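1. predicted model, plus sequence, below.
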Amino acid sequence: MFQRIALAFSLSLLASTALGADGPLQIYVSKAEQSLTVYDGDQVIATSKVSTGKPGHTTPSGIFSILEKRKYHESNLYSNAPMPFMQRLTWSGIALHEGKVPNHPASHGCVRLPNGFAKTLFSMTERGAHVIITDAPVAPRPVSHAKLFTPRLPVDDGGLLSDVELRPGRLETGLKPVEVAMNAVTPRTGAETKLTIEEPPPLRILITRRTQRDMAFDVQRLLNQLGFDAGIPDGLLGSRTISAIREFKEKNTIEKDGEILSKPFLAALYAQAGEDHPPMGQLMIRQKFAPLFSAPIDIEEPEKALGTHFIEASDVDRFKRTADWHGVTLEDHLTSSTQTRLGITIPADDPALFTAEAALSRIVIPDDLRARIETMLSDGSSITISDTGIGPETGDGTDFITVTRAKPRA
């Protein structure tokens, strides 16, 4: 009886502490230790034992967000099994929920939480809170780097994004930018001037390598700019685009080879368009579980892997131009075929060398793109850095979901 009272008191205390937390909460799950830890920055708010996926139904590792919350839910996959206090992490069926928690992995892939704690955790979180699942336990730490975004006040100078090519995530996406309300008329002497800023929802930023579709989009844009009809830029190498590429190659006596987007072709195209070289990276933005825009960036020393890193902002103050960042580096093994496809010859095998700071130091973001992002920054905005780009779990109604893979055992 005493144990039951003590547990109830402990859970109640943890809940009240977390609900009064200053910043966005992060949830870390360790499959090796069958444990869950809730952090506010780098401070532990709550802990619990859990039960993850049993052999054959392994819980995926990676970076997730809470997509949906339901106090009562039934499984669509396993005979309508009850899933109280369900917090969905993927639309393919992975979630946090109340269930039996033995001292070993026993679920079909979800993360089971003990009775009582599932309800407590449900009361702590909001949709969009990040959940990091790993094998060995990891913990967030302060991250400081000159290339992290610095919040700033929005300005209406007509100059932002004048030189950067932005691609809308969807044509129908119409999210409002930060709104600034100011007195249009100069106030009388002694009157108070008030500046009100509507804080935008947190940004989800993915920094990764460019795909062939990203490159094709740029090729279409540049060909059209130079007078070759490549059609409406959509990133697809259709007959119209291929015809324009061939016309450009013939006009510039570029030797034919088996590769449509060959290095000599790209070098000549970018040079004629007055651009230095093809960018190696892509920055993508989501907000409120929907694509917002993406833009090319550069990655120095592209033959080196970036590694997989997650960094989140808290205590964002755009008046003081300050923010606290906490992050973690995750194990993410790339197969030899993936490394070849991405042009990587030096994998991120040593976590002491391939840190979040080391990755940030190699990322080059145009000033006008950086300015746009910094005016939209708010508490809970996050950055994911990954070599492998958008995975199959990222889609309608999600943030960027990054599934990581452990190195195979020898």
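-> Structure's in. What do you need?
2. mean confidence score for stretch 105-116?
-> Regarding stretch 105-116, the rounded mean pLDDT is 95.
3. equivalent analysis for stretch 28-48, please.
-> pLDDT averaged over stretch 28-48 gives 97.
4. all strands of the stretch 1-150 of the chain, in order?
-> Under the criterion DSSP state E, counting those that start in this stretch, the stretch 1-150 of the chain contains strands at 25-30, 35-40, 43-49, 61-65, 68-70, 86-88, 95-98, 111-113, 130-134, 141-142.
5. same deal with the stretch 251-400 of the chain?
-> 281-287, 290-299, 308-317, 322-330, 363-364, 382-385.
6. neighbouring strands of the shortest one in the sheet, and parallel or not?
-> By that I understand strand 363-364. strand 290-299 (antiparallel) (DSSP bridges).
7. angle of the strand it pairs with against strand 281-287?
-> Following axes from the mean of the first three to the mean of the last three Cα atoms, to 10 degrees, one obtains 160 degrees for the angle between strand 290-299 and strand 281-287.
8. just to revisit the earlier point, okay, the strands of the stretch 251-400 of the chain in a markdown table with distance to Q34 next?
-> Where C-beta positions appear, they are placed from N, C-alpha and C, glycine not excepted. Formatted as a markdown table, those follow (distance: least, Cβ to Cβ, whole Å):
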| stretch | distance to Q34 |
| --- | --- |
| strand 281-287 | 31 |
| strand 290-299 | 34 |
| strand 308-317 | 22 |
| strand 322-330 | 18 |
| strand 363-364 | 36 |
| strand 382-385 | 25 |
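9. got TSV for the ones you listed, with mean pLDDT too?
-> Shown next, in TSV, are those (pLDDT from 0 to 100):
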stretch	mean pLDDT
strand 281-287	97
strand 290-299	96
strand 308-317	97
strand 322-330	97
strand 363-364	98
strand 382-385	98
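10. okay, T340: pLDDT?
-> According to the model, T340 scores 94 on pLDDT.
11. including distance to M124, could the strands of the stretch 1-150 of the chain go into CSV?
-> Shown next, in CSV, are the strands of the stretch 1-150 of the chain (distance: least, Cβ to Cβ, whole Å):
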stretch, distance to M124
strand 25-30, 6
strand 35-40, 7
strand 43-49, 7
strand 61-65, 15
strand 68-70, 11
strand 86-88, 10
strand 95-98, 11
strand 111-113, 12
strand 130-134, 12
strand 141-142, 22
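12. those strands: which one's closest to D298?
-> D298 lies closest, by Cβ to Cβ, to one member of the strands of the stretch 1-150 of the chain: strand 61-65, at 23.4 Å.
13. tell me the mean pLDDT for the closest one?
-> Rounded mean pLDDT across strand 61-65 is 98.
14. what separates that strand from the chain centre, distance-wise?
-> Once both centres are worked out by Cα atoms, centre = their mean, to the nearest Å, strand 61-65 turns out to sit 10 Å from its chain's centre.
15. contact partners of that strand?
-> Outside of strand 61-65, the residues within contact range by Cβ atoms under 8 Å, 6 or more residues apart in numbering are 31, 89-90, 94, 127-135, 204, 308, 310, 330-331, 384, 398-406.
16. select only the buried ones of those residues in PyMOL?
-> Under the burial definition 16 or more other Cβ atoms under 10 Å, those of the contacts of strand 61-65 that qualify are selected in PyMOL by:
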select buried, resi 31+89+90+94+128+129+130+131+132+133+134+135+204+308+310+330+331+384+398+399+400+401+402+403+404+405
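17. coming back round to it: so which of the strands of the stretch 251-400 of the chain gets nearest N103?
-> strand 322-330 (25.3 Å).
18. by contact count, what packs against the closest one?
-> strand 61-65, strand 130-134, strand 141-142, strand 308-317, helix 356-361 (3 or more Cβ pairs under 8 Å, 6 or more residues apart in numbering; DSSP states H and E).
19. paired strands for it, with orientation please.
-> Using DSSP bridges, the strands paired with strand 322-330 are strand 141-142 (antiparallel), strand 308-317 (antiparallel).
20. follow-up on the earlier one: out of the strands of the stretch 251-400 of the chain, which is closest to L266?
-> strand 290-299 (12.9 Å).
21. please compute how far the closest one lies from its chain's middle.
-> In terms of Cα atoms, centre = their mean, the centre of strand 290-299 is set 11 Å apart from its chain centre.
22. hmm, which helix or strand of this structure has the shakiest average pLDDT?
-> Least confident helix or strand of the chain, by mean pLDDT, DSSP states H and E, is strand 179-181 with a mean of 37.
23. tell me the contacts of the nearest residue to L203 once chain neighbours are set aside?
-> Using Cβ to Cβ, 6 or more residues apart in numbering and skipping the chain neighbours, the partner closest in space to L203 is S381 (4.2 Å). Neighbouring residues of S381 by Cβ under 8 Å, 6+ apart: F149, P202, L203, R204, I205, E312, A313, V316.
24. ok, now how distant is S381 from P24?
-> 9 Å (Cβ to Cβ, to the nearest Å).
25. any common contacting residues for the two?
-> P202, E312.
26. so R213: helix, strand or coil?
-> Secondary structure assignment for R213 (DSSP: H, G, I helix; E, B strand; the rest coil): helix.
27. per-residue pLDDT, it?
-> pLDDT for R213: 92.
28. hang on, the earlier thing: among the helices and strands packed on strand 322-330, which is the most enclosed?
-> Among those, strand 61-65 has the highest mean neighbour count (mean count of other Cβ atoms under 10 Å), at a mean of 25.
29. parallel or antiparallel, which strands does it pair with?
-> strand 130-134 (antiparallel), strand 402-404 (antiparallel).
30. want to try CSV for these, with distance to E374 and mean pLDDT as columns?
-> Below are those laid out as CSV (distance: least, Cβ to Cβ, whole Å; pLDDT from 0 to 100):
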stretch, distance to E374, mean pLDDT
strand 130-134, 21, 98
strand 402-404, 23, 97
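31. please, where are all the helices along the protein?
-> Along the chain, the segments classed as helices by DSSP state H run 2-19, 117-124, 212-225, 239-251, 263-272, 336-342, 356-361, 367-376.
32. which of the ones you listed comes out lowest on mean pLDDT?
-> helix 2-19 (a mean of 41).
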